[in-house]
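Participant: sequence first, predicted coordinates after that:
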Amino acid sequence: MNLPTSDAASAETKLKPKQTKAAAKKSVSYVDAGVDISAADKSKHRIKMLARKTFNKHVLSEIGGFGGLFSLDLEKFPNPVLVSSADGVGTKLKVAFDLGIHHTVGQDLVNHCVNDIAVQGATPLFFLDYLATGKLENSVVETVVQGISDACRANGCALIGGETAQMPGFYAEGEYDLAGTIIGAVSRDKIITGDGIQVGDILLGIPSNGLHTNGYSLARKLLFEVAKYGPDQYVNELKDKTGASLMRVHRSYLAIIKKLTNGEVVSGMAHITGGGITENLPRIIPKGMGAQVDLASWQVPPLFEHLQKLGNVERDEMLRTFNMGIGLIVVIPAEKVKKAKAILNRANERFHIIGRIVRGERKVSYN
């Protein structure tokens, strides 16, 4: 039915406020704010499958609950003490972004955390990860978690939960942050704190596999800003491409630590991470003692030597920034060194006698 002109105009006048009101009520979703829950749900299914590969009989929950449930084996740990540690991968992630390599950073994260509790005598039990990004890229997240899952399985550790956070506007496009928490256990009489270290004990250094996860801010500055190398550039001094030399996976020392502790030859162990030998070794040295380290006792890898030359970095700065080729220091009573060497040789593990415990003020001196 056609309305008279006057009535049509009247109707049009009456409709305008309704149309305006309808436009003002346009629905705004979480996706409009940059958080895609549906995309996250798809990724969760894949992550759940990766995590389940790490499960053992002590895992009592599925991925997706409010908390992960894990039963402690009281036969294996009759007088248990739980040992925990949390850490991240630092700016090694920046190199991963540049190279588009995401499958190794998860291994870096897990192995770093495993070493931190293993040096106290603990066996890894379970792990939880945290990945935060501005925009969820499912393939990247799944690749990172694949690395976490692989490393957890290699270390006998269950991945029982975690968090994948979408935080639009918080991170640059294509970037993310990664952190994790590990829980392990040790019987109370097997805890290793270093309180049994004596003057005259020998320092045994186990090689690292590169920078591991520390010193990357300085290394990136020297390689990419000072020397202006590209991440795919082959550098003669490194005998490798810059990116490849920086992305070598942080070693897990769990297996060799277990052999040494089972052999009862250890009085203390230090995982050499941020702070280098200078700041990590004193963490286990008792009051009234120090450490004497002979810098000529091992060959510093080419990567560290080239970094020093590029920036004319002072020796002390190098030693408290990088691991300088030593990722683990084991303190051995002098009378047990022969047995420790035999254990390491049987395991085909390289090592260097790098110094000894002396009287001092919980500091490292170098010669």
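Facilitator: Sure, I can see it.
Participant: any idea which element the residue most central in space within the chain lies in?
Facilitator: When C-alpha atoms, centre = their mean is applied to the chain, the residue found nearest the centroid is residue 109 (2.2 Å). Here residue 109 sits within helix 105-118, counting by DSSP states H and E.
Participant: next secondary structure after that helix?
Facilitator: Counting by DSSP H and E, the element after helix 105-118 in chain order, helix or strand, is strand 123-133.
Participant: sheet partners, orientation included, of that next one?
Facilitator: Note on strand 123-133: by DSSP bridges, its sheet partners are strand 158-166 (parallel), strand 176-187 (antiparallel).
Participant: quick check, pLDDT for the closest residue to residue 63 other than its chain neighbours.
Facilitator: Leaving aside its sequence neighbours, residue 63 sits nearest to residue 48 (C-beta to C-beta, 6 or more residues apart in numbering; 4.3 Å). For glycine as for every other residue, the C-beta is placed from the backbone atoms N, C-alpha and C. Listed pLDDT for residue 48 reads 92.
Participant: the helix holding residue 109 versus strand 158-166: what angle between them?
Facilitator: Angle between the axes of helix 105-118 and strand 158-166 is 130 degrees (criterion: axes from the mean of the first three to the mean of the last three C-alpha atoms, to 10 degrees).
Participant: who touches the residue lying closest to residue 42 once chain neighbours are set aside in this structure?
Facilitator: Leaving aside its sequence neighbours, residue 42 sits nearest to residue 138 (C-beta to C-beta, 6+ apart; 6.2 Å). Contacts for residue 138 (C-beta atoms under 8 Å, 6 or more residues apart in numbering) come out as 39, 42, 43, 46.
Participant: and these as JSON lines, adding neighbour count and distance to residue 28?
Facilitator: As requested, those are exported to JSON lines (neighbours: other C-beta atoms under 10 Å; distance: C-beta to C-beta, whole Å):
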{"residue": "39", "neighbour count": "16", "distance to residue 28": "18"}
{"residue": "42", "neighbour count": "13", "distance to residue 28": "23"}
{"residue": "43", "neighbour count": "19", "distance to residue 28": "24"}
{"residue": "46", "neighbour count": "15", "distance to residue 28": "29"}
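Participant: now, these that are in helices?
Facilitator: The members of the contacts of residue 138 that map onto helices under DSSP state H are 39, 42, 43, 46.
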